[in-house]
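Undergrad: below are the sequence and a predicted model for it; my questions follow.
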Amino acid sequence: MPVQEGIYGLLAEFNTPEELVVAAKAAHDSGWRRLDCYTPYCLEEAAEAIGFHRNFVPLVCLVGGLMGLTAMFLMETWVAVFAYPLNVAGRPLFSWPAFVVPAYEWTILWAGLSAGFGMLALCGLPSLYHPLFNAPNFRDGATTDKFFLCLEASDPKFSILESRAFLENFQPTSVVEVEY
Amino acid sequence: MATIPESPVNDPMLDPITGENLVIAPGHTFKSVTEEVSRIVLTGHTPLGWYFGFALAGSIVIMLLTAISWLFLKGVGIWGLDIPVAWGFAIINFVWWIGIGHAGTLISAFLLLFKQQWRNSINRFAEAMTIFAVICAALFPLIHVGRPWLGYWLIPYPSTMNVWPNFRSPLLWDVFAVSTYGIISVVFWYIGMVPDMGTMRDRCKSKVGQYFYGLLSVGWRGSVRHWMRYESACLLLAGLATPLVLSVHSVISFDFAVAILPGWHTAIFPPYFVAGAIYSGFAMVITLAVPIRKWYHLEDLITLRHLDNMGKVMLATGLIIAYGYAMDVFMAWFSASRFEFFMIWNRMFGPIGWAYWVLITCNIVLPQLLWLRKFRTNPTLLFLISLVINTGMWFERFVIIVVSLTRDYLPSSWGTYKATRWDYMTLGGTLGLFTALFFLFVRFLPMIPMSELRVLLPQSKIRRKAEPLEAGD
């Protein structure tokens, strides 16, 4: 776990996605693992560069959907067959084709809720505070038009002077220390 | 498709290669698109026209509240409902509104799956339109049940009465279809808005605004790991919303198709209802997009390309509808059923036959003008056609519901239908509610997804050879 005081990391700012990807790739190749890129839109190349290839949102979504399906179908069966058997024109109590529609809707409902909120949970959101918001230039750019690479202090390779020198190689607009 | 003009000379809005209108005006940067969208919300100065429009829509909402209050005091008898027409305006309006909502989901989900990037600039407000239309739609069944304070009986829950809903009834399927649709639309809309909320939080100058957008942004900071999960979630939601939208209107059509009434009992209803929903929904998107792009000067972001494409979708779905109408008539003859045949005759030449010809004119005849490129790329003409289609689609539901009910198998039980002023006030009132919600939306939330606009810019793509190109700033 990262320490809660001192420096969170070094934040380099770039003007173009190309520069960011080059720097991120170089950092990942030279052994950095605790690093992250911050971009104003989804930049898949940056995720590839830092070795983030797969995520678990689809799995969460699948599990949620199957749970919704099972829950609804079982409830319908229980209600129609055991809890409140209702003879509608002599049709069988377990009239499963009719149960498909609500079960289908609930599959989608729970899969969708799991995908949406599961995504937020996997990202560790909501987290209204984050040390990066302390960086003077972060909020100006990260959600508008700048591209950031952050090397985090929790990485064993981290050293303020060397890491800064490493980042300076890629001619960023600025490199700032981010404090907790 | 339309012929491509050979020489689109010097028009910056035309693609030099294809001659198509561009999806986004040239010369924009990440910053300029962000500013173009966020300035509408972050300005401290609310335009006078906004106050005027909101006040007008708000007063119509008061009319709606009056109509509903009177309804709760007196009961559904204040409407024109009677036997045999026990489903009147309320169900027409319900089907009409929910159909309008479908285009929003189609734009945000279906076109995302097909990687139609032109939808990026219109998906947010199309999705908002969906949510507001679902709100208007959901109102009707609730006030139509007669005793709305018992509306929760629709939901299966362990009650002391030991009574459970009947899961074999399409009316109960409706409860699950529409509630799922409403919830998933809100989730999709909100999740899609989270990165933009981060942008708003960072660009907002006022303290209240920073708290408001800060909370809504749930601390979004644009980490690429988050972006990748976010993209997965959006694609999954799109993949889920697409079959959902098809199922919702299919389930609604089962409300009719499962009954044995001539004019309702047909197998073509599900696809034909879905196509009609998309048709009217695209018309409503145009009804909203044309004034918005004009008032907020968004011609750079909602270009003629968008209008052109939406016109084409309307043309295509309109032809599916035309096929549906033709099949109705054909099956009436082919079924060799006197009752089916009489139903069509009554629809065309009966006492309310004029409504059928209104719908044919509005839904089939006039929209054929969309074959002409001129009509698809002229905002005013397209706006007028969209109003015509919305009217036509309302009449379609009127014809299906009311005209079929007035004359069923037994001449002794025939009747007629006349809407009362309360019917009209409720219909008009929901239009006001929809408009008022939309006014709030354009004032307080970014109506165009900024993060998705950035992807449309050429500088967002990674160039292999690191050619110099001015990005941002």
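TA: Looks like it came in fine. Residues are numbered from 1 along each chain as shown, chains lettered A, B, ... in the order given.
Undergrad: pLDDT weak spots in the stretch 351-473 of chain B?
TA: B:464-473 (pLDDT under 70).
Undergrad: just want the residue of the stretch 301-450 of chain B that's nearest chain A.
TA: Closest residue of the stretch 301-450 of chain B to chain A, C-beta to the nearest C-beta: B:M450 (8.2 Å). Any C-beta I mention is one placed from the backbone N, CA and C, and that applies to glycine too.
Undergrad: worst mean pLDDT across the helices and strands of chain A, which element?
TA: Every helix and strand of chain A was ranked by mean pLDDT, DSSP states H and E. The lowest is helix A:138-141, at a mean of 83.
Undergrad: which elements pack onto that one?
TA: In terms of contacts (3 or more C-beta pairs under 8 Å, 6 or more residues apart in numbering or on different chains; DSSP states H and E), helix A:138-141 is packed against strand A:147-152, helix B:170-203.
Undergrad: list the buried residues in that helix.
TA: A:138-139, A:141 (16 or more other C-beta atoms under 10 Å in any protein chain shown).
Undergrad: any idea how far the closest residue to B:G353 other than its chain neighbours lies from B:A326?
TA: Closest residue to B:G353 apart from its sequence neighbours, by C-beta to C-beta, 6 or more residues apart in numbering or on different chains: B:R347 at 6.9 Å. Distance, B:R347 to B:A326, by C-beta to C-beta, to the nearest Å: 13 Å.
Undergrad: for chain A, which segments count as strands?
TA: Secondary structure of chain A (DSSP state E): strands at A:7-14, A:35-38, A:147-152, A:174-179.
Undergrad: contact partners for B:T361?
TA: Taking C-beta atoms under 8 Å, 6 or more residues apart in numbering or on different chains, we find B:T361 in contact with B:G392.
Undergrad: which residues of the chain score low on pLDDT?
TA: In the absence of a named chain, this looks at chain A. Across chain A, residues meeting the criterion (pLDDT under 70) sit at A:1-4.
Undergrad: I was thinking of chain B, sorry if that wasn't clear
TA: B:1-11, B:464-473.
Undergrad: and with 50 instead?
TA: For chain B, applying pLDDT under 50 flags the ranges B:1, B:7-8, B:466-467, B:469-473.
Undergrad: please say which of B:R347 and B:A326 ends up with more neighbours.
TA: Legend: neighbour count by other C-beta atoms under 10 Å in any protein chain shown for B:R347 and B:A326, higher for B:R347 (23 against 11).
Undergrad: which stretches in the stretch 351-473 of chain B count as strands?
TA: Counting by DSSP state E, counting those that start in this stretch, the stretch 351-473 of chain B forms no strands at all.
Undergrad: just the helices in it please.
TA: Taking DSSP state H, counting those that start in this stretch as the test, the helices found in the stretch 351-473 of chain B are B:353-360, B:373-376, B:379-398, B:404-406, B:421-444, B:450-456.
Undergrad: out of the ones you listed, which one sits most buried?
TA: Per residue and on average, the most neighbours among the helices of the stretch 351-473 of chain B fall to helix B:450-456, with a mean of 23 (mean count of other C-beta atoms under 10 Å in any protein chain shown).
Undergrad: so for stretch A:173-180, what gets flagged as buried?
TA: A:175-178.
Undergrad: could these be laid out in a markdown table, adding distance to B:I107?
TA: As requested, the buried residues of stretch A:173-180 are exported to a markdown table (distance: C-beta to C-beta, whole Å):
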| residue | distance to B:I107 |
| --- | --- |
| A:V175 | 42 |
| A:V176 | 41 |
| A:E177 | 45 |
| A:V178 | 39 |
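Undergrad: returning to what we had before: out of the strands of chain A, which is closest to B:Q116?
TA: Closest approach to B:Q116 among the strands of chain A (C-beta to C-beta): strand A:147-152, 26.7 Å.
Undergrad: neighbouring strands for the closest one, and are they parallel or not?
TA: Partner strands and pairing direction for strand A:147-152 (DSSP bridges) are strand A:7-14 (antiparallel), strand A:35-38 (antiparallel).
Undergrad: coming back round to it: and the helices of the stretch 351-473 of chain B: which comes nearest B:I268?
TA: Of all the helices of the stretch 351-473 of chain B, helix B:379-398 comes closest under C-beta to C-beta, at 13.5 Å.
Undergrad: so what touches the closest one?
TA: Contact with helix B:379-398 is made by B:91-92, B:95-96, B:99-100, B:276, B:279-280, B:282-284, B:286-287, B:290-291, B:293-294, B:304, B:307, B:310-311, B:314, B:318, B:321, B:355, B:358-359, B:361-363, B:366-367, B:369-370, B:374-376, as judged by C-beta under 8 Å, 6+ apart.
Undergrad: buried members of those residues into ChimeraX, please.
TA: With 16+ other C-beta under 10 Å as the criterion, this ChimeraX line picks the buried residues out of the contacts of helix B:379-398:
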select /B:91,92,95,96,99,100,276,279,280,282,283,284,286,287,290,293,304,307,310,311,314,318,321,355,358,359,362,363,366,367,369,370,375,376
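Undergrad: tell me which residues touch A:A165, please.
TA: Applying C-beta under 8 Å, 6+ apart, no residues contact A:A165.
Undergrad: also B:L42?
TA: Contact partners of B:L42, counting by C-beta under 8 Å, 6+ apart, are B:200, B:203-205, B:209.
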